[in-house]
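1. I'd like to go over a predicted model; first the sequence, then the structure.
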Amino acid sequence: VICYSRRVYGCRNARRRHISLCKNKKGGEHGVGKALLRKAVKEGGVKLDAYGKKLFNLYTSNGFESVSWTEWDSEYAPEDWLRAKAQGEAVEEESVVFYKYTGKSVDISYEEFKDNVLPSENYEAAQTIRDEEI
């Protein structure tokens, strides 16, 4: 099961719309993430950020361009990551990639992106870079 939520910060300015997708670790139907991305964009979603490599191809093949990134920062760790770590599970400290919607598929690998774009100083800096391009 994949869920979708649209967070709107401040006014209803479309430039501020952020897409949030999450996946139930128990699995779900194939293609749901793609369908939810289309729905989010149709409703005005224009930006998102995601941890690491796993979702990079989903986003870049569905109209999102990777714009900036930053190294892992535990301050922004998701609750499920914190719980897993506290329980002694092996968890990855992945970079955070920031995306903007362009409507065009981008043919670049995660590794190429990180090789060609310098990391931002922190989460806020990477977020600002992305937001200024929207």
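-> Perfect, I can see it now. Numbers count the residues shown, from 1 in each chain.
2. for this protein, what spans make up the strands?
-> Using DSSP state E, the strands found in the chain span residues 2-8, 17-23, 47-51, 64-70, 96-101.
3. and those strands, which one averages the lowest pLDDT?
-> Of all the strands of the chain, strand 2-8 carries the lowest average pLDDT, namely a mean of 41.
4. give me the low-pLDDT residue ranges for this protein?
-> Low-confidence segments of the chain, defined by pLDDT under 70, span residues 1-16, 19-30.
5. please, where are all the helices along it?
-> 32-42, 56-60, 79-86, 110-116, 123-132 (DSSP state H).
6. hang on, Y59 packs against K53?
-> No - shown here, Y59 and K53 do not form a contact pair, counting by Cβ atoms under 8 Å, at 11.1 Å. Any C-beta I mention is one placed from the backbone N, CA and C, and that applies to glycine too.
7. related to what we said a few turns ago, looking at the helices of the chain, which is buried most?
-> Per-residue neighbour counts averaged over each of these give the maximum for helix 56-60, namely a mean of 18 (mean count of other Cβ atoms under 10 Å).
8. which strands and helices lie in contact with it?
-> Judged by 3 or more Cβ pairs under 8 Å, 6 or more residues apart in numbering; DSSP states H and E, the packing partners of helix 56-60 are helix 32-42, strand 47-51, strand 64-70, strand 96-101, helix 110-116.
9. for E124, which of the ones you listed is the nearest?
-> Between E124 and these, the shortest gap by Cβ to Cβ is with strand 64-70, which sits at 8.9 Å.
10. what are the neighbouring residues in contact with the closest residue to D107 other than its chain neighbours?
-> Counting by Cβ to Cβ, 6 or more residues apart in numbering, D107 lies nearest to T60, which is 7.9 Å off, once chain neighbours are set aside. Taking Cβ atoms under 8 Å, 6 or more residues apart in numbering as the contact definition, T60 lies against S66, Y99, S105, V106, D107, I108.
11. need phi/psi at the fourth one.
-> Going back to what we said before, that points to V106. Here is the backbone geometry of V106 (degrees, to the nearest 10): phi -110, psi 130.
12. start the count at 3, not 1, going forward
-> Let's use 3 as the start, then, which means that last one is V108.
13. what residues are up against it?
-> V108 makes contacts with T62, S63, F66, E67, S68, as judged by Cβ under 8 Å, 6+ apart.
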